[in-house]
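Novice: build the 3D model from these lines:
(one chain, ligands or ions: 1)
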Amino acid sequence: MDHETFRWWESSEIAAAQKKLESSTAASPNNRAFAHLIAAVSQTEAHSAEQTIKSIPSYPKKVTATPTTNAAAHCDVGNPTSITVVVNKKHCINPPSWAPADLTSLKGYLMRGVTADHMQQMIQAATAAGLPFGLTSAYRSYSDQVATYNNWVQVNGSTTAADTVSARPGYSEHQTGLAADLDTGSCVLECFGGTAQYAWLKQNAASFGFIERYPSGLTGVTGYSPEPWHWRYVGSETALAMKRSGVQTLEEYLGISGGDYN
Ligand SMILES: [Zn+2]
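Specialist: Sure, this is the predicted structure:
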């Protein structure tokens with residue numbers, strides 16, 4: 001779709017997401033997808049996280065950039081610069097406010113240089129195969145995540161409910177600059193898993209160093225419902241070794257604990 005159409009679609013999707021959340025306090029996997037959508041908006045058109053929150057029609061009040069939870073509880077990730085760093089609900093970034101030093105822009109989205117280089121190659125190869133895909137989110141700063149998470153606490157009424165739809169600050173893999181969310185333009189989030197682009201990625205992404213980070217059926221290991229749109233750079237050596245061995249998660253491959261926060 002063109003830019004104007006996308007902006008219209010984007011705002012109507014957010015309004016629909018907000019309405020849906022207000023009409024039900026029950027957690028659902030779809031809510032996580034809406035969280036992604038709203039986070040994705042913060043990556044576009046130089047929106048700040050605060051601007052994004054203001055753009056949600058019925059957002060109750062201004063959010064201050066204060067973590068709602070004690071993010072330091074599990075902050076034992078030793079080296080956030082490693083391309084195989086595991087950030088999940090058991091292992092948050094240390095220090096929680098860490099940011100990559102080599103952020104670069106690819107198609108308007110910030111990510112680490114190594115991620116951008118290989119993502120660009122992968123996009124070129126997919127496009128050459130007639131299966132182009134785009135980006136909807138990549139690097140998110142700690143303060144972006146504070147604002148996003150606190151917004152969901154207010155919308156959903158508790159940190160327990162917010163945890164079902166948004167990563168706590170310091171616990172988002174997007175903060176590493178190694179993760180990106182993909183779409184096909186007409187197909188964003190859940191439906192991405194049914195596209196030819198997704199099938200192509202399943203076959204070819206490992207050669208470019210990317211893995212599907214939250215595969216179907218492994219929520220107990222990763223801590224997240226399936227996210228066919230979320231791909232993580234780990235380097236081709238690791239990605240191809242995982243593919244060869246049939247091990248689908250970084251947690252299992254590296255022997256690192258995962259699952260829920262507690
Ligand atoms: Zn993601």
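Novice: contact partners for G259?
Specialist: Contact analysis of G259 by C-beta atoms under 8 Å, 6 or more residues apart in numbering lists N88, K89, K90, G220, V221, T222, G223. Heads up, the C-betas are built off the backbone N, CA and C, glycines and all.
Novice: what mean pLDDT does stretch 203-217 have?
Specialist: Here stretch 203-217 scores 97 as its mean pLDDT.
Novice: I meant to write stretch 110-124 there.
Specialist: 98.
Novice: now the helices for the stretch 101-250 of the chain?
Specialist: Ranges of helices in the stretch 101-250 of the chain, per DSSP state H, counting those that start in this stretch, are 113-128, 142-156, 159-163, 196-204, 219-222, 236-245, 250-254.
Novice: coming back round to it: buried among the contacts of G259? Make that a ChimeraX selection.
Specialist: Selecting only the buried entries of the contacts of G259 in ChimeraX, with 16 or more other C-beta atoms under 10 Å as the criterion:
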select :88,89,90,221,222,223
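Novice: among the contacts of G259, which one lies nearest to H174?
Specialist: N88 (12.5 Å; C-beta to C-beta).
Novice: pretty sure the closest one contacts G223?
Specialist: Yes - between N88 and G223 there is a contact at 5.3 Å, judged by C-beta atoms under 8 Å.
Novice: any weak-confidence spans in the stretch 51-200 of the chain?
Specialist: Scanning the stretch 51-200 of the chain for pLDDT under 70 picks out 51-78.
Novice: restricting to C-alpha, output stretch 173-191 in CSV.
Specialist: Coordinates of each C-alpha in stretch 173-191 appear next as CSV, following Å, rounded to 0.1, in the frame of the first residue of the first chain:
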residue,chain,number,x,y,z
GLU,A,173,15.5,-8.7,22.4
HIS,A,174,14.9,-5.7,20.3
GLN,A,175,17.2,-3.7,22.6
THR,A,176,20.2,-5.8,21.4
GLY,A,177,19.9,-4.4,17.9
LEU,A,178,20.0,-8.0,16.6
ALA,A,179,16.3,-8.5,16.1
ALA,A,180,13.9,-7.3,13.5
ASP,A,181,10.2,-7.7,12.8
LEU,A,182,9.2,-8.4,9.1
ASP,A,183,6.1,-8.0,7.0
THR,A,184,5.0,-8.3,3.4
GLY,A,185,3.3,-4.9,3.2
SER,A,186,-0.2,-6.5,3.0
CYS,A,187,0.5,-9.0,5.8
VAL,A,188,1.7,-8.0,9.2
LEU,A,189,2.2,-10.1,12.4
GLU,A,190,0.3,-13.4,12.7
CYS,A,191,-0.5,-13.8,9.0
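Novice: quick one: name the residues of the chain near the ion.
Specialist: Within the chain, the positions near the ion by C-beta under 5 Å from the ion are D181, H230.
Novice: centroid-nearest residue for the chain?
Specialist: H174 (5.3 Å; C-alpha atoms, centre = their mean).
Novice: residues contacting that residue?
Specialist: So H174 contacts A39, S137, A138, Y139, R140, Q145, A167 (C-beta under 8 Å, 6+ apart).
Novice: what's the farthest-apart pair in those residues?
Specialist: The most widely separated members of these, counting by C-beta to C-beta, are A138 and A167 (14.7 Å).
Novice: specify the beta-bridge partners of R112.
Specialist: On the basis of DSSP bridges, R112 is bridged to L103.
Novice: was I right to think it contacts L103?
Specialist: Yes - with contacts counted by C-beta under 8 Å, R112 reaches L103, the gap being 6.5 Å.
Novice: report how many residues lie close to the residue of the stretch 101-250 of the chain found nearest the ion.
Specialist: In the stretch 101-250 of the chain, the residue that lies nearest the ion is H230 (3.6 Å; C-beta to the ion). Counted with other C-beta atoms under 10 Å, the neighbours of H230 add up to 21.
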